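[1] sequence plus predicted model, see below.
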Protein chains: 2
Amino acid sequence: MLTKPQLGAGDETATDVVALMADIGRRARAAARSLALADPAAKTAALHAMAAEIRKGRADILAANAGDVAAMEAANQLPSFIDRGRLDDGRIEAIAAALDVVAGLEDPVGVVTAAWTRPNGLAIERVRTPLGVVGVIYESRPNVTADAGALCLRAGNAAILRGGSDALATSRAIHACLVRGLVAAGLTPDAIQLVPVADRAAVGLMLAGLDGNIDVIVPRGGKSLVARVQEEARVPVFAHLEGICHVYVDRAADLAMAKAIVVNAKMRRTGICGAAETLLVDRAVAETHLVPLLDALAAAGCRLKGDAGVRALYPAAEAATEEDWSTEYLDAVISVALVDGLDAAIAHIETYGSHHTDCIVTADEAAAARFFREVDSAIVLHNASTQFADGGEFGMGAEIGIATGRMHARGPVGVEQLTSFKYVVRGEGQTRP
Amino acid sequence: MLTKPQLGAGDETATDVVALMADIGRRARAAARSLALADPAAKTAALHAMAAEIRKGRADILAANAGDVAAMEAANQLPSFIDRGRLDDGRIEAIAAALDVVAGLEDPVGVVTAAWTRPNGLAIERVRTPLGVVGVIYESRPNVTADAGALCLRAGNAAILRGGSDALATSRAIHACLVRGLVAAGLTPDAIQLVPVADRAAVGLMLAGLDGNIDVIVPRGGKSLVARVQEEARVPVFAHLEGICHVYVDRAADLAMAKAIVVNAKMRRTGICGAAETLLVDRAVAETHLVPLLDALAAAGCRLKGDAGVRALYPAAEAATEEDWSTEYLDAVISVALVDGLDAAIAHIETYGSHHTDCIVTADEAAAARFFREVDSAIVLHNASTQFADGGEFGMGAEIGIATGRMHARGPVGVEQLTSFKYVVRGEGQTRP
C-alpha cells in the first residue's frame, strides 16, 4: 500500500505510510517501556518545559496557524470550523497554562490503590501502572495536541497523535515545542509522536492497532469520526458517540432551582457533550412548572420542540418528532416532553438516552436515590447542571475526553483512567499447600 | 445461515442458530437490566438455592455426566480430557460449596469506591455498577457452568455460557439446577443462560457480540481456544493466552527458601497457568545454588532443560532450545538459564514472558523493589510461589479467570473486576459559571 500523502510545508516526501506508521508504533512501544520507569520529577519537569517552549514558540505557532487558517478559508470551510482551528495569543497562553496544570497533577504511576494481608502472611498491593501506548485521533482543534500529549505523559504512557489535516502545520509547530520540552527533561522525544502526514490511511492503521503497538484509542471529534473509530477499531476505545443528556423536573422540584438548572444545562454552552438536549417535566406539575421553564429557555434564546402535552400548554413550541428524542442538537434547541412521573422519566432516558449525563431536579431524596440507581449513565446528577460533566469540574485537573462505555474508563477520562495496575505480593518464603 | 446443530438428548430441533443466539442475546440484555436493580439479598438467596438444587439434583447430574463420559470414551478422547469432564459425588459437592462461597461474598453493586466534594459544594461519588452481559466460552469442565454463572450473578451481570460440546448434557443438568435456584429467589431465569446446542457457529456469533448484547467475553480453556477468542472477538476479552511464569533466584537468595519456592512453583500442580515454566539463576551464585535447586526439582520428578552454563554445572540437564524459553509446558518440565544478575533476569522475562506471574527470591529489598517496578506482569511476587496466582488465594473468594491484558481487569478476575462504575453527583442547585 504505497501512497503519496499530502505533506506540510517543508516536509520530506514520505512514500510509504505503512512503513512510517509501523516505525511510529515501534518507537512508541519502546518509549512506553522507558516512560513506565521514568522518575515522576522528570515528567513534571518535562511538562513545565513544554509549557515554557509553547510560550517561547508563540511566533512560530502563530505563523504556522496563519497558513492553516488561510488554507481553510480558501477551501470555504465553515466559519465555526475555522474558528476552532484559529489560535491567538490568548489561546496559546491557555495551551501553555494547561500544560502547567497537568504538571501539577499527582503522578499516578506507583500509587497503591489497595493493600491487604492474607492469613498466610502474604502482603498484597494493587499498584497503578501506565496503560502503555495511547493513540489519539482528533479533528482540527490544535490544543488537543498539547492537552492529550501531556495527559498521556503524566500517566506514563507514550502517545501517538493524529490530528486533523486542516491544522497539521499548527499541530506540528506545537508538537515541536513538546518535543523540546521532553528532551530538555531527559525524556525520549518518542514519548509524544505526531503523525507527520495527512494521509488518511494512517487512521486506518492506527485503528488496526499498529501491530499490537497501540493499547487504546481516544477519538476526539464529531459523531462521524467517533462512529468510524468505534466501528473499525481493533483495540479498546475510550469515547462517547454523543451526549443526549436529559434534565428531569420532578413533581417535587423547586421551580426557581429547576429554571436555573435547565437554562444552564441547555444554554451555557450548547456545543459541548454535557449540554442538555431533552427536558422531561413531570405531568403532575405541568400546570405550574412547564410555562415558566419554557419561558426561561425562550428568553435565553432557545428554540423549543414539544410533544402534544407540552404544546397544549405552550402553543409556541414546535411539534417534536420521534427523531427529536434521540437527536443531539449541540445548538440552542431543546426537545420537551411531559412524563408520568419518575418511572416514565427513567424509561424515556433508557429508551432515547446515550448513557452520558442525566439530571433530576427534585426535593424528594427518595426520588433522587431511585434516579441514581436506575439511570444507567456514566454521570447522574441531582439538583445540578449537566454542564458539570467535565474532568476539570470533577477535580481531575484535566481530561482527554468522556467515555460512555462500561469497560475500564467511564465518564471523564483523566490521568487515573489512563492507567492500569499490577499486583505486588510480598512473602517470606510462602509456598502454596 | 441455517444450520442443523447437534443436539443433546431430548432436545427440540433448533434449525436456526442465528435466531436462537439473537434471542439469547436479547434475553440476556433484558435480564441484565433487571439484575442491575436486584436486591443483594435476592442474589444471595438465589446463590444458596442454586447450591441446594445442585445437591438435590446430584443423581440427574451424574446420569447426564455418565452419558457424556461414555461418548468421550467412545470417541477415544485423551484420558486427561475425560478426567476433567468426569464428575463424582465429591466434585458435585465442590460445585455446590463454591456456590455457597460466592453467596457469601460482599455484593459489589452500589459500593462507593471514591467520594469527594468540590469547592462549589458538589458531592461526587464513584459507585460500582454491573458490567452488563458476560459471555463465557469454555471447554469441557462442567464446574465452570456453575462457577461462572454464580460470579456473574453476584456482580449483577447476566451470563451467556457456552460450554464444550463433550460435556453439554452435564452442563445442561447443572444449568437446570441454577435456573431453579434463580426462580426460587424470584430472579429471572434469563440471568444465566446456557447455549443449548453444540453448533460451533454459536461461538462465532458470541465473539461478534450478539448485536451489542455481550459486553465482555471470558474464555476458559486451552491456548487454541483463547487465541481464537482474542483474534476474532469484536468485544473486550478478559483472558490470558498462556502463563510463562518465571522464578528468578537472585544472588541474595536464601537457598533453602529458594528450593522450597522453586519446587512448589513448578511441581505443586504443573497444569495451572501460575505454574513456573522457567527458572533463572543469578550467575553469581551458580556454584552454590544451581545444583541443589536442580537436584530438588529432579527429586520431585521434574525434567530439566538447561542452557550451556547450566549444563556445564549440571550435565544431567537436557539442552534447552531457543523455543524452550517461550514454551508453556504445563507439565513436569522446566527450562533453566543462568543470568547475569537482576538486569539480565528482567530482560529475559521481558523478552520471553507472557506478563502473567513472575517471582524473585532474594533477601535484597532493593532488588525486590526493582523487580516489582520493572517486571511488567499482572502479578509480581517476592519470596513466594507463583502458584499463589489465583483469585481464591488473593482473597477474592472466587475467580472467573486470570487476565494479562491492561484494560479494566488484570490478574485474577473476581466479582469486583466484573463490575463497572458510574459517577453520582449531589448538588443543591449548582449551575456551571
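    Okay, I see it.
[2] wait, a strand at residue A:429?
    Yes. Under DSSP: H, G, I helix; E, B strand; the rest coil, residue A:429 falls within a strand.
[3] measure it to residue B:260 for me?
    To residue B:260, residue A:429 is 6 Å away according to CB to CB, to the nearest Å. C-beta here means a position set from N, CA and C on the backbone, and glycine is covered the same way.
[4] and for residue A:220?
    Distance from residue A:220 to residue B:260, by CB to CB: 53 Å.
[5] of these two, which one has the most company?
    The neighbour comparison of residue A:220 against residue B:260 (other CB atoms under 10 Å in any protein chain shown) goes to residue A:220, with 20 against 17.
[6] just checking, that one touches residue A:135?
    No. Taking contacts as CB atoms under 8 Å, residue A:220 lies outside contact range of residue A:135: 11.3 Å.
[7] what's the closest residue to chain B within the stretch 251-400 of chain A in contact with, if anything?
    Distances between the stretch 251-400 of chain A and chain B by CB to the nearest CB are smallest at residue A:384, namely 2.9 Å. With contact set as CB atoms under 8 Å, 6 or more residues apart in numbering or on different chains, residue A:384 has these partners: A:261, A:359, B:122, B:425-431.
[8] if you set the cut-off to 10 Å instead, what comes out?
    Applying CB atoms under 10 Å, 6 or more residues apart in numbering or on different chains, we find residue A:384 in contact with A:257, A:261, A:264-265, A:359-361, A:393, B:120-124, B:425-432.
[9] centre of the chain to stretch A:213-221, how far?
    Chain-centre distance of stretch A:213-221: 11 Å, with CA atoms, centre = their mean, to the nearest Å.
[10] over to stretch A:355-374?
    That offset, for stretch A:355-374, works out to 24 Å (CA atoms, centre = their mean).
[11] any common contacting residues for residue A:220 and residue A:135?
    A:148, A:229.
[12] gap between the residue in the stretch 101-250 of chain A that chain B sits nearest to and residue B:418?
    Per CB to the nearest CB, residue A:236 is where the stretch 101-250 of chain A lies closest to chain B, at 5.0 Å. Going from residue A:236 to residue B:418 by CB to CB gives 17 Å.
[13] compare the two (neighbour count), which wins?
    Using other CB under 10 Å as the criterion, residue A:236 and residue B:418 rank with residue B:418 on top: 29 against 22.
[14] not counting sequence-adjacent ones, nearest residue to the more buried one?
    Ranked by CB to CB, 6 or more residues apart in numbering or on different chains and with sequence neighbours excluded, the top spatial neighbour of residue B:418 is residue B:155, at 3.8 Å.
[15] near the one you found, how many other residues are there?
    Residues near residue B:155, counting by other CB under 10 Å: 28.
[16] same check on residue A:343?
    As a burial measure, residue A:343 scores 11 neighbours (other CB under 10 Å).
[17] quick check, it in contact with residue A:349.
    No. Residue A:343 is beyond contact range of residue A:349, at 11.0 Å (criterion: CB atoms under 10 Å).
[18] mutual contacts of the two, please.
    residue A:374.
[19] follow-up on the earlier one: anything in contact with each of residue A:429 and residue B:260?
    Shared contacts of residue A:429 and residue B:260, defined by CB under 10 Å, 6+ apart, are found at B:254, B:361, B:385.
[20] near chain A too, which of those residues?
    B:254, B:361, B:385 (CB under 10 Å from any CB of the partner chain).
[21] who does the second one form a beta bridge with?
    Pointing back at residue B:361 there. Taking DSSP bridges as the rule, residue B:361 bridges to residue B:249.
[22] enumerate every residue touching it.
    The contact partners of residue B:361, by CB under 10 Å, 6+ apart, come to A:427, A:429, B:247-250, B:252-255, B:257-262, B:265, B:281-282, B:289, B:293, B:367-368, B:381-385.
[23] list the ones among these that fall in strands.
    A:427, A:429, B:247-249, B:281-282, B:381-384 (DSSP state E).
[24] ok, and the most crowded of the residues you listed?
    residue B:381 (33 neighbours).
[25] residue A:376: what's it in contact with?
    Here residue A:376 is in contact with A:346, A:349-350, A:353, A:355, A:358, A:406, B:32-33, B:36-37, B:129-130, B:132, B:420, B:422 (CB under 10 Å, 6+ apart).
[26] report the buried members of those.
    Neighbour counting by 16 or more other CB atoms under 10 Å in any protein chain shown classes A:346, A:349, A:353, A:355, A:358, A:406, B:32-33, B:36, B:129-130, B:132, B:420, B:422 among the contacts of residue A:376 as buried.
[27] low-confidence stretches in the stretch 1-150 of chain A?
    Applying pLDDT under 70 to the stretch 1-150 of chain A flags residues A:1-15.
[28] quick one: name the residues of it near chain B.
    Within reach of chain B by CB under 10 Å from any CB, the stretch 1-150 of chain A has these residues: A:32-33, A:36-37, A:109-110, A:113-114, A:116-127, A:129-132.
[29] what do you get if the cut-off is 8 Å, keeping everything else the same?
    Contact residues, the stretch 1-150 of chain A versus chain B (CB under 8 Å from any CB of the partner chain): A:33, A:36-37, A:110, A:116, A:118, A:122, A:124, A:127, A:129, A:131-132.
[30] filter the residues you listed down to the ones in helices?
    A:33, A:36 (DSSP state H).
[31] output the residues of the stretch 1-150 of chain A next to chain B in CSV; the columns should cover distance to residue A:58.
    Output for the residues of the stretch 1-150 of chain A next to chain B, formatted as CSV (distance: CB to CB, whole Å):
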residue, distance to residue A:58
A:33, 34
A:36, 33
A:37, 34
A:110, 35
A:116, 51
A:118, 57
A:122, 55
A:124, 50
A:127, 40
A:129, 36
A:131, 32
A:132, 33
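[32] widest-spaced pair of the residues of the stretch 1-150 of chain A next to chain B?
    Distance extremes for these: the farthest pair is A:33 and A:118 at 31.2 Å, using CB to CB.
[33] residues contacting residue A:65?
    Residue A:65 neighbours (CB under 8 Å, 6+ apart): A:85-87, A:142, A:167, A:169-170, A:173.
[34] that should have said residue A:283, apologies.
    A:309, A:338-341 are the contacts of residue A:283 under CB under 8 Å, 6+ apart.
[35] ok, and the most crowded of these?
    residue A:339 (23 neighbours).
[36] so which residues of the stretch 51-200 of chain A form helices?
    Listed in chain order, the helices of the stretch 51-200 of chain A (DSSP state H, counting those that start in this stretch) span A:58-74, A:79-85, A:89-104, A:143-154, A:168-184.
[37] adding distance to residue A:46 as columns, could you present the ones you listed in TSV?
    Shown next, in TSV, are the helices of the stretch 51-200 of chain A (distance: least, CB to CB, whole Å):
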stretch	distance to residue A:46
helix A:58-74	19
helix A:79-85	26
helix A:89-104	8
helix A:143-154	7
helix A:168-184	5
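[38] looking at these, which is nearest to residue B:333?
    Across those, closest to residue B:333 is helix A:143-154 (CB to CB), at 41.8 Å.
[39] show me what that closest one is packed up against.
    The helices and strands touching helix A:143-154, judged by 3 or more CB pairs under 8 Å, 6 or more residues apart in numbering or on different chains; DSSP states H and E, are helix A:40-56, helix A:89-104, strand A:133-138, strand A:158-162, helix A:168-184, strand A:192-194, strand A:216-220.
[40] repeat that with 6 Å
    Counting contacts by 3 or more CB pairs under 6 Å, 6 or more residues apart in numbering or on different chains; DSSP states H and E, helix A:143-154 is packed against helix A:89-104, strand A:133-138, strand A:158-162, helix A:168-184.
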